[in-house]
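Engineer: here is my input, please return the structure:
(2 chains)
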Amino acid sequence: MTASRPPSAPTPRQNSLRVLLNQLRDASDSHRSLTIVVAMAITTALMYVLPGLPPLSIVQGSNIWYDSFANAGVFVLLAMGLNVVIGMAGLLDLGYAAFFAIGAYAYAYSNSPFSHTDLPFIPMLFVGAAVAGIFGILLGAPTLRLRGDYLAIMTLGFGEIVPIVFLNLDKFTQGTNGIGGIYRPEPLPGLGAFSPSSPFNYFIVMVVIVTITMILLYRLQDSRIGRAWNAIREDELAAAANGINTVTTKLLAFSLGATTSGLAGVFNASKLTIVSPDQFLFTVSFTVLAMVILGGMGNIWGVAVGAFVVYNIQVVFLKSINGIIETLGIPAFDLGPVHVNLAKVPFSDYQYLLYGVALVLMMLLRPEGLFPNQRRRQELHIAEEFDEGEQGEITGAMGAAPGAAGDAGGTL
Amino acid sequence: MTSLASPAAPARPIARGLRFGGIAIAAIVLYTVALWLALPIFSPLTSAQAFPVAIQQTVNALSIGAIYALIALGYTMVYGIIELINFAHGDVFMIGAFVSVIFIGGIMGQTGPVENIPLLVVLIGGALLFTMPIIGLLNVSIERLVYRPLRNAPRLAPLITAIGVSFILQNVALVVAGSGDRSAPQVFPLGWHLELGGASISVLSIFIFVLALTLMIGLQVFISRTRLGRAMRATAQDREAASLMGVDQNQTIALTFLLGGMLAAAAGLIWGLRFGYVRQDLGFNSGLKAFTSAVLGGIGNITGAAIGGFVIGFIENFASSLGFSRWSEFLVFMVLTLVLIFKPSGLFGHATGDRA
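Structural biologist: Below you'll find the predicted structure:
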């Protein structure tokens, strides 16, 4: 997509700000990796400073904010990985938490009193990710030959089974109690030791991981493989006819998603210092799915922002909302026969209900998400322009859809 | 085998039914024998003690299989018609279980076993008449509100929506009923037993099996004999062509959801009678097993889904009878995996021709 945007040709009527923005956009398009590094650096600086300032500092202390940012980073990673599967390749993975669990347990086995091992953290990030990726291949290889729907149900089953297996094999996993006392990462040069009292180190490590992952994913998206994913998602038959090996390409997307999930799992285990089966239930997969959908399938930074925002709404806003209502002094009122006392409503119990409603509403009203990817948006809205029974023509008409000339030109 | 998409009603249904019944009875007997032989190996029971246990467990397997079969029918019909895995179907079953508890416990005010047979008939019949239309309509309105607008959207959209609906139903139940088990009134006396070969077989299990079988035969007759059933089969076979022949698409699809919901409601009632509790996350697990049943039987194939349900019931019962109940979910998942690897069209399905 780098080459597709025509060079900006400002007319005299455009003001200088617009020219500057256009130049900035061109520059960011041609130096995407650098842009990501700069953007992440700015974001990190903001995230370092803002928790000390009023609106955020009232809710909780800086260290708690850094801690929650690092935890949010885990979900940003998860969402970016799931985005490869759902957004880029168009496959539905409902057992995403299983790979998260596999990564986490891989780290637990390499760094805990239970296994009497203490392996270094950074290499284990790769090992855990690789182990999860291998499981992704094992699960994907038989399933991806079939229609997409079967993948959804297989992954749903797999996501259900993995925690059960970790629970039942109590000789090797300590069952419900999980593996505790996992060693924290060894001190890194320039950062000092990792401890619960200095969540900032975890935060910085997370920022680095997210930045690198994001750069890799953007490069992948613009590569031949990324275009192959696009093609498969839009029309698998046509993609196969054009010489794309659909099974291996889909498998690559699926296992890459699993790998990212495993990476997040390793980090999470090293931070929580305990892994247990109940951390990896279907609700985790569902939460990440909601993040990807809300952020905008296929848009890497949109998904990352979506995950970050949803996570913070979930752990900070929903938990403190009752306190805020109490502070604001909103009185209890009667809504017909129902007595409503907002300060007593357990909002955090409703989070999955909210996700469910959000998911359905998004699919009905704005399937492209809050921060849409241009190409994905055209695809998702294309059906609206045709009557029932004309599906055969839809694929043929893709290129001619209004507005399709913008971003899509030259990529296929 | 009646697939939803089979061209015509089977010829000579009685003869086919008899032959089919013969095979089914042979399979059940085979299961009992297998369990009888396996029990002494995995448990301290002697061969003589194992025999009555095997018979009892077979009957148990049939009643749990009946629940899975009834749910699986809803999955398979919806998939046959609009090629959607309706993830919310398991949760529709769960809501059905709750509504039947509301009827028996709340409206009729029963809490324990009812020995009075006429009253029992009124209770269970009433619960069916109360729950089935409500849940059927719930299922229809889900289709109307969220699936229909997405009928021509990319495949991913309705699937994600279905997952969303599943979560909404589950969490509505959670908010209304709270987490944890809620007791369901077991109005059917658990003490009623028949003696057979030294084994005491609970009448409830037989009743469940007969009820489920009746509903399934009713469905089969409806689909193969009535005009609306023919419309359903036509739509499953080729939606466009059926539409051109004057079959009302929306009506047929709504009918499919209605029937699926009604069967799920019956399964919900049975669950309450059989296990004595309902819980908001009931639908997730049972839904997964029922879906596996549908895949096992060949998705879109009605008889296949029913048989698949009983097969899953047998597999699960086999594992739990031998003391591996913790692994029954794992086993069911392995079945799903193996079927998808080696015979994705299921035991009775036609090759889908839709493999990538």
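Engineer: which parts of chain B are strands?
Structural biologist: B:182-183, B:193-196, B:199-202, B:277-278 (DSSP state E).
Engineer: which other helices and strands does the second one contact?
Structural biologist: Judged by 3 or more Cβ pairs under 8 Å, 6 or more residues apart in numbering or on different chains; DSSP states H and E, the packing partners of strand B:193-196 are strand B:199-202, helix B:203-225. Backbone N, C-alpha and C define where each C-beta goes, glycine included.
Engineer: who in the stretch 1-150 of chain B is up against chain A?
Structural biologist: Proximity of the stretch 1-150 of chain B to chain A (Cβ under 8 Å from any Cβ of the partner chain) is limited to residues B:83, B:85, B:87, B:146, B:149-150.
Engineer: do that again at 7 Å, thanks
Structural biologist: With Cβ under 7 Å from any Cβ of the partner chain as the criterion, the stretch 1-150 of chain B meets chain A at residues B:85, B:146, B:149-150.
Engineer: identify the spatial nearest neighbour of whichever residue of the stretch 1-150 of chain A sits closest to chain B, chain neighbours not counted.
Structural biologist: Closest to chain B within the stretch 1-150 of chain A is A:P142: 4.3 Å, counting by Cβ to the nearest Cβ. Spatial nearest neighbour of A:P142, chain neighbours left out: B:I341 (4.3 Å); criterion: Cβ to Cβ, 6 or more residues apart in numbering or on different chains.
Engineer: A:S348 too?
Structural biologist: A:L318 (4.3 Å).
Engineer: report all helices and strands that the helix or strand hosting that neighbour contacts.
Structural biologist: Taking DSSP states H and E as the criterion, A:L318 maps to helix A:318-328. For helix A:318-328, there is no helix or strand it packs on, judged by 3 or more Cβ pairs under 7 Å, 6 or more residues apart in numbering or on different chains; DSSP states H and E.
Engineer: pLDDT of it, averaged?
Structural biologist: Helix A:318-328 shows a mean pLDDT of 76.
Engineer: hmm, who's touching it?
Structural biologist: Helix A:318-328 has contacts (Cβ atoms under 7 Å, 6 or more residues apart in numbering or on different chains) with A:59, A:342-343, A:347-348, A:351.
Engineer: who wins for most neighbours among the residues you listed?
Structural biologist: When the contacts of helix A:318-328 are compared by neighbour count (other Cβ atoms under 10 Å in any protein chain shown), A:Q351 ends up highest, at 19 neighbours.
Engineer: show me how far stretch A:231-241 is from its chain's centre.
Structural biologist: 25 Å (Cα atoms, centre = their mean, to the nearest Å).
Engineer: with stretch B:67-79 instead?
Structural biologist: On Cα atoms, centre = their mean, the centre of stretch B:67-79 falls 5 Å from that of its chain.
Engineer: contacts for it next, please.
Structural biologist: So stretch B:67-79 is contacted by B:4, B:84-86, B:89-90, B:93, B:212, B:215-216, B:219, B:256-257, B:259-261, B:263-264, B:266-267, B:270-271, B:286-287, B:289-291, B:293-294, B:299-302, B:305-306, B:308-310, B:312-313 (Cβ under 7 Å, 6+ apart).
Engineer: just the CA trace of the helix holding A:L318, in PDB.
Structural biologist: The C-alpha trace of helix A:318-328 is given here as PDB (Å, rounded to 0.1, in the frame of the first residue of the first chain):
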ATOM      1  CA  LEU A 318     -16.200  -0.300  35.600                       C
ATOM      2  CA  LYS A 319     -14.600  -0.900  39.000                       C
ATOM      3  CA  SER A 320     -14.400   2.700  40.000                       C
ATOM      4  CA  ILE A 321     -17.700   3.800  38.400                       C
ATOM      5  CA  ASN A 322     -19.700   3.200  41.600                       C
ATOM      6  CA  GLY A 323     -17.200   5.300  43.500                       C
ATOM      7  CA  ILE A 324     -17.500   8.100  40.900                       C
ATOM      8  CA  ILE A 325     -21.300   8.000  41.100                       C
ATOM      9  CA  GLU A 326     -21.100   8.200  44.900                       C
ATOM     10  CA  THR A 327     -18.700  11.100  44.700                       C
ATOM     11  CA  LEU A 328     -20.900  12.900  42.200                       C
END
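Engineer: got any ranges where the chain has weak pLDDT?
Structural biologist: All of this refers to chain A. Filtered on pLDDT under 70, chain A yields the residue ranges A:1-14, A:59, A:335-338, A:382-412.
Engineer: try chain B instead
Structural biologist: B:1-11, B:349-356.
Engineer: distance from the centroid: which residue in it tops it?
Structural biologist: What lies farthest from the middle of chain B is B:T46; by Cα atoms, centre = their mean that is 34.4 Å.
Engineer: if you tally nearby residues, what's the number for the residue nearest to that one when sequence neighbours are not counted?
Structural biologist: If the residues on either side of it in the chain are set aside, B:T46 comes closest to B:P40, at 6.2 Å by Cβ to Cβ, 6+ apart. Burial measure for B:P40: 14 neighbouring residues, criterion other Cβ under 10 Å.
Engineer: equivalent analysis for B:E115, please.
Structural biologist: 11.
Engineer: got it, and the one 3 residues further on?
Structural biologist: The burial count assigned to B:P118 is 8, neighbours taken as other Cβ under 10 Å.
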